[in-house]
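Trainee: How does the following fold in three dimensions:
(one chain, ligands or ions: 1)
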Amino acid sequence: MNHDHHNHEQHGHAQNVTDPVCGMSIPPAPAELRSQHHGGTYHFCSTGCKKTFDADPGKYAHGAGHSHH
Ligand SMILES: [Zn+2]
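Mentor: Take a look at the predicted model:
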């Protein structure tokens with residue numbers, strides 16, 4: 001009979017995404033703070049992080065997947 005309604009983690013909210021540049025966990029970003037790369041969508045906490053990513057997407061896009069070639 002312990003009904004805990006105070007669990008805020010993943011409760012109806014859109015799931016957080018990771019900013020590949022600074023590594024922060026952020027809510028899905030608005031269109032102007034997103035970039036497409038290799039068919040994937042990347043979200044950024046700020047225009048600064050987006051610019052950093054856009055300057056060298058390959059460097060950051062790989063960090064998300066954990067795959068080493
Ligand atoms: Zn960031």
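Trainee: Look at residue 61 and tell me its secondary structure.
Mentor: helix (DSSP: H, G, I helix; E, B strand; the rest coil).
Trainee: ok, it - contacts?
Mentor: Applying C-beta atoms under 8 Å, 6 or more residues apart in numbering to residue 61 gives the contacts 20, 37-38, 40, 42, 53. The C-beta positions use only the backbone N, C-alpha and C, and glycine is treated the same way.
Trainee: same thing but at 7 Å, please
Mentor: With contact set as C-beta atoms under 7 Å, 6 or more residues apart in numbering, residue 61 has these partners: 20, 37-38, 40, 42.
Trainee: How much space separates residue 34 from residue 15?
Mentor: To residue 15, residue 34 is 15 Å away according to C-beta to C-beta, to the nearest Å.
Trainee: Mind checking which of the two has more residues around it?
Mentor: residue 34 (15 against 8; other C-beta atoms under 10 Å).
Trainee: Quick check: phi and psi at that one.
Mentor: The phi/psi pair for residue 34 (degrees, to the nearest 10) reads phi -130, psi 150.
Trainee: go on, residue 42?
Mentor: Note on residue 42: its backbone torsions stand at phi -120, psi 140 [degrees, to the nearest 10].
Trainee: Also the one 4 residues further on?
Mentor: Residue 46 has phi and psi values of phi -160, psi 160 when expressed as degrees, to the nearest 10.
Trainee: ok so, going back, from the contacts of residue 61, which land in strands?
Mentor: Using DSSP state E, the subset of those located in strands is 37, 40, 42.
Trainee: Can I have the buried ones of those residues as a PyMOL selection?
Mentor: Buried residues within those, by 16 or more other C-beta atoms under 10 Å, are selected in PyMOL with:
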select buried, resi 37+42
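Trainee: Between the ones in strands among the contacts of residue 61, which sits nearest the ion?
Mentor: Sorting the ones in strands among the contacts of residue 61 by how near they are to the ion, with C-beta to the ion, puts residue 42 at the top with 10.4 Å.
Trainee: partners of that closest one in the sheet?
Mentor: residue 35 (DSSP bridges).
Trainee: Alright, I will stop here.
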